[in-house]
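Peer 1: 3D, please:
(one chain, ligands or ions: 1)
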Amino acid sequence: MVAILRAAIRPLARRGYATAVTGYGKEVDGFVGAVGNTPLIRLNRLSQETGCNVLAKAEFMSPGGSIKDRAALYLVKDAEEKGLIRPGGTVVEGTAGNTGIGLAHVCRSKGYQCVIYMPDTQSQEKIDLLRMLGADVRPVPAVAFDNPQNYNHQAKRYAASLDNAVWTNQFDNTANRNAHILTTGPEIWEQTNGGKLDAFICSTGTGGTLAGVTRYLTEKSNGRVEGWLADPPGSVLYNLVENGKAERVGNGSITEGIGQGRVTSNLQPDLSLLTGALHVPDSASINMVYRLLDEEGLYVGASSALNVWAAAELAKRKGKGSTIVTVLCDGAYRYQARLFSRVWLESKGLISHIPENLQKYIVLP
Ligand code: PMP
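Peer 2: Predicted coordinates for the structure are as follows:
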């Protein structure tokens with residue numbers, strides 16, 4: 001048997017195939033053991049174009065499909081460590097997106113109940129997915145944050161009404177930021193040969209990723225590695241970082257899960273560490289969704305595309321030879337009905353930003 005195997009391997013090795021498995025190490029313990037440790041992908045075309053190293057961490061490869069697996073895991077761990085939740089308990093969160101998916105997975109794997117409050121404006125696909133993952137989904141009227149019936153307040157109240165339950169509070173519970181100080185930051189440091197990078201840049205929803213990674217890289221490099229914000233239309237943070245005033249730029253954005261109207265407790269401690277911010281219009285984000293697919297074979301959502309556009313822009317500013325790192329937050333699967341629909345793209349006035357030779361990817365009516 002061994003001889004047969006060797007006979008199969010030798011010709012492959014001669015053709016340059018390596019048989020060593022790299023990066024993943026030994027078996028991991030269940031779903032939670034598989035969270036993180038994602039590859040850092042060199043984006044070859046953008047790197048070539050800029051004369052820099054544009055690198056992106058493949059968070060879409062996490063087992064729940066997004067960067068929010070890390071936050072979900074650390075929010076639950078934090079509740080366990082503080083004794084807020086015991087076996088069989090209930091995790092409650094207000095979320096319409098990736099955090100809910102991450103929490104639903106983590107809860108199944110650890111044997112907790114998962115209850116998700118979300119605005120009733122969300123797509124049926126999102127509700128269905130969370131239900132398939134075993135979550136108890138509660139769509140509630142979409143009202144502003146200052147209304148007590150807002151989905152976040154309802155989540156908080158519901159958790160308080162139960163015994164052995166926790167409201168994970170992803171926006172203001174800094175266990176979220178800690179996930180990135182303890183995992184994403186150190187992984188980037190290791191994967192760039194001990195911190196051979198000039199800057200990290202990404203957009204924010206809760207701010208956990210940007211704050212945690214910036215904190216880790218800044219401290220580890222004694223301030224040499226810079227942290228930058230990439231911000232979509234509709235957010236106040238670009239102006240806050242660049243001009244000190246929390247004023248919105250533009251209205252809404254086609255990106256989902258990012259853009260903020262306030263400074264969360266996760267971002268607050270590290271806001272002053274940021275070197276600067278880049279505003280990224282939707283036209284640039286949609287263009288990059290299609291370029292990444294065509295040039296790199298990467299099928300990622302609009303927040304990832306926004307991050308990559310910003311990383312390439314920052315690379316140009318930093319000059320040839322610089323190394324910029326960002327994150328690919330999730331795959332395009334969750335948004336494909338929009339991002340690859342001609343009708344939808346036309347309704348947003350975005351078709352003209354997709355070059356003609358890439359319009360073949362618009363396969364949905
Ligand atoms: N991209 C997507 C698709 C997301 O769902 C989120 C989280 N809302 C982010 C980016 C931003 O991550 P963070 O909450 O760590 O700022």
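
Peer 1: Which phi and psi values does the nearest residue to residue 292 once chain neighbours are set aside adopt?
Peer 2: Setting aside the residues directly before and after it, residue 292 is nearest to residue 298 in space (Cβ to Cβ, 6 or more residues apart in numbering), at 4.4 Å. Where C-beta positions appear, they are placed from N, C-alpha and C, glycine not excepted. Note on residue 298: its backbone torsions stand at phi -110, psi 130 [degrees, to the nearest 10].

Peer 1: residues in contact with residue 298?
Peer 2: By Cβ atoms under 8 Å, 6 or more residues apart in numbering, residue 298 lies in contact with 41, 292, 328.

Peer 1: check which helix or strand covers the residue of the stretch 101-250 of the chain found nearest the ligand.
Peer 2: In the stretch 101-250 of the chain, the residue that lies nearest the ligand is residue 205 (2.8 Å; Cβ to the nearest ligand atom). Using DSSP states H and E, residue 205 sits in no helix or strand.

Peer 1: Surely it touches residue 260?
Peer 2: Yes - Residue 205 sits in contact with residue 260 when judged by Cβ atoms under 8 Å, with a separation of 7.2 Å.

Peer 1: So for these two, which residue has more residues nearby?
Peer 2: Using other Cβ atoms under 10 Å, the more surrounded residue of residue 205 and residue 260 is residue 205, with 28 against 22.

Peer 1: okay, the more buried one: pLDDT?
Peer 2: Residue 205 is assigned a predicted lDDT (pLDDT) of 96.

Peer 1: show me the residues around it that make contact.
Peer 2: For residue 205, the contacting residues are 97, 257, 258, 259, 260, by Cβ under 8 Å, 6+ apart.

Peer 1: possible to save those as JSON lines with secondary structure?
Peer 2: Formatted as JSON lines, these follow (DSSP: H, G, I helix; E, B strand; the rest coil):
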{"residue": "97", "secondary structure": "coil"}
{"residue": "257", "secondary structure": "coil"}
{"residue": "258", "secondary structure": "coil"}
{"residue": "259", "secondary structure": "coil"}
{"residue": "260", "secondary structure": "coil"}
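
Peer 1: so which of those residues comes closest to residue 240?
Peer 2: Distance to residue 240, by Cβ to Cβ, is smallest for residue 260 among those, at 9.2 Å.

Peer 1: show me where the stretch 101-250 of the chain has helices.
Peer 2: Secondary structure of the stretch 101-250 of the chain by DSSP state H, counting those that start in this stretch: the helices cover 124-132, 151-161, 175-179, 185-191, 208-220, 237-243.

Peer 1: among those helices, which is nearest residue 81?
Peer 2: Nearest of the helices of the stretch 101-250 of the chain to residue 81, taken as Cβ to Cβ: helix 175-179 at 8.9 Å.

Peer 1: Give me the nearest residue to residue 362, chain neighbours excluded.
Peer 2: Computed as Cβ to Cβ, 6+ apart, the closest residue to residue 362 that is not its neighbour in sequence is residue 342, at 5.1 Å.

Peer 1: Number of residues surrounding residue 346?
Peer 2: Using other Cβ under 10 Å, the number of residues around residue 346 comes to 12.

Peer 1: Quick check: it is in a strand.
Peer 2: No - checked against three-state DSSP, residue 346 lies outside a strand; its state is helix.

Peer 1: Excluding residues flanking it in the chain, which one is nearest residue 78?
Peer 2: The shortest distance from residue 78 to any non-neighbouring residue, by Cβ to Cβ, 6+ apart, is to residue 175 (3.5 Å).

Peer 1: check contacts around that neighbour.
Peer 2: 71, 74, 75, 77, 78.

Peer 1: Mind splitting this structure into its structural domains?
Peer 2: Per automatic domain parsing, the structural domains of the chain span 36-63+181-361, 68-167.

Peer 1: neighbours around the closest residue to the ligand within the stretch 51-200 of the chain, how many?
Peer 2: Ranked by Cβ to the nearest ligand atom, the top residue of the stretch 51-200 of the chain for proximity to the ligand is residue 98, at 3.8 Å. By other Cβ under 10 Å, 27 other residues sit near residue 98.

Peer 1: Residue 221 now?
Peer 2: Look at residue 221: counted by other Cβ under 10 Å, it has 16 neighbours.

Peer 1: pretty sure it is in contact with residue 195, am I right?
Peer 2: Yes - taking contacts as Cβ under 8 Å, residue 221 lies within contact range of residue 195: 5.3 Å.

Peer 1: Residue 190 versus the spatially closest residue to residue 258 that is not a sequence neighbour, what's the distance?
Peer 2: Closest residue in space to residue 258, ignoring its immediate chain neighbours: residue 203 at 4.2 Å, by Cβ to Cβ, 6+ apart. According to Cβ to Cβ, to the nearest Å, residue 203 stands 24 Å off from residue 190.

Peer 1: more neighbours, those two?
Peer 2: Neighbour count, other Cβ under 10 Å: between residue 203 and residue 190, residue 203 has more, with 32 against 12.

Peer 1: give me every residue that touches the more buried one.
Peer 2: Residue 203 neighbours (Cβ under 8 Å, 6+ apart): 210, 229-232, 255, 258-259, 280, 303, 306-307, 310.

Peer 1: Among those residues, which lie within strands?
Peer 2: Residues of the contacts of residue 203 located in strands (DSSP state E): 229, 230, 231.
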